[in-house]
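Asker: Based on what follows, work out the 3D shape:
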Amino acid sequence: MVSNRSNSSSSSPCGQTVSNQLSATAAAPLKGIIFDMDGTLIQLNVVNELIQRIYQVADEDPLGKCLERDDLDVMIAKLSPEGQRKAKKTIVEILQRHVDNMTIQEGGPELVAFLARNGVKRAVLTRNYERNAIVMQQMYAQVMTEATFDLIIGKDTPYDTSFPPEQEIPKADRIRQICNIWGCDTNEVIMMGDSITDDIVEGNRAGCGGTVLLQPIGYQLNNFYGTRIGDSRERTPTMCVESLTDVRHFFAAQMNNDVCYQQGEM
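Answerer: So this is what the prediction gives:
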């Protein structure tokens, strides 16, 4: 669906280069885009703070001191009962403050409206709580006349029992659940987010038609897990962009060329 290996002389925040002239080839019709929320649809990204605070809780926990610094959910489950309580309380406090200071990502409403006008489904897949994602959706609705998102799945959204939770982290089964609801295959959707270890790995693991990494200028990648872009196939995005406006321009060009779309006006 999307194939872009950027080649520009300008350095990108991804540690690679980002082309100002995006190009793509179609492998399957695009049915929908699945968005991460924090750092993608909204500006404030609390991932780094969350990781630092939870690591601090683990350092102070008798069982957490020797644990490998891995995925937060996995690590928290291995803490003592008191450590788990502290970690969960910390997460709730940080996410609530995050909601109180939530700011829409520049270019986000225009991109979502553009996709809506052209019949492309939109979903939100986030590790944040569903209620916080609904707050974000309401903020988008206030500045849009088009429908916002067709589907929202948060960390506390009940699982579809026909898609039992996977053991691997991050879990690609949520993407398959969304595609099942939409009645399409995973290669007909694109996963878009700002995290290599979560969004890009999740999208590639699920077999998405493309994965888009959003890395605004000046943004510092989360390297707490010791990973880098492209250090494995799963951590290699199909395309890297600096803004959601770039994404909208990219899809507009594809529509003009009749590559991915057969309907709607830009």
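
Asker: any idea of the mean pLDDT for stretch 155-172?
Answerer: Per-residue pLDDT values across stretch 155-172 average out to 67.

Asker: what's the span of it, first residue to last?
Answerer: 13 Å (C-alpha to C-alpha, to the nearest Å).

Asker: Start and end of stretch 184-193, how far apart?
Answerer: Across stretch 184-193, first to last residue, C-alpha to C-alpha, it's 21 Å.

Asker: can you pull the buried residues of that stretch?
Answerer: When burial is assessed from 16 or more other C-beta atoms under 10 Å, stretch 184-193 yields the following buried residues: 184, 186-193. No exception for glycine: its C-beta is placed from N, CA and C like everyone else's.

Asker: quick one: pLDDT of the residue lying closest to Lys121 once chain neighbours are set aside?
Answerer: Take Lys121 and drop its neighbours on the chain: the residue closest to it by C-beta to C-beta, 6 or more residues apart in numbering is Gly32, 3.3 Å away. Per-residue confidence for Gly32 comes out at a pLDDT of 97.

Asker: Surely Gly32 and Gly119 touch.
Answerer: No - taking contacts as C-beta atoms under 8 Å, Gly32 lies outside contact range of Gly119: 9.7 Å.

Asker: Please say which of those two ends up with more neighbours.
Answerer: Each of Gly32 and Gly119 has its neighbours counted (other C-beta atoms under 10 Å); Gly32 has more, 22 against 13.

Asker: Please give me every residue in contact with the more buried one.
Answerer: Applying C-beta atoms under 8 Å, 6 or more residues apart in numbering, one finds that Gly32 lies in contact with 120-123, 150, 178, 182, 184, 188-190.

Asker: make it 6 Å
Answerer: Listed by C-beta atoms under 6 Å, 6 or more residues apart in numbering, the contact set of Gly32 reads 121, 182, 189.

Asker: Go ahead and confirm Gly108 touches Leu41.
Answerer: Yes - between Gly108 and Leu41 there is a contact under C-beta atoms under 6 Å: 5.3 Å.

Asker: does the residue nearest to Lys121 have beta-bridge partners, and which?
Answerer: Beta bridges link Gly32 to Lys121, Val189 when assigned by DSSP bridges.

Asker: Would you mind measuring from it to Phe149?
Answerer: Distance from Gly32 to Phe149, counting by C-beta to C-beta, to the nearest Å: 10 Å.
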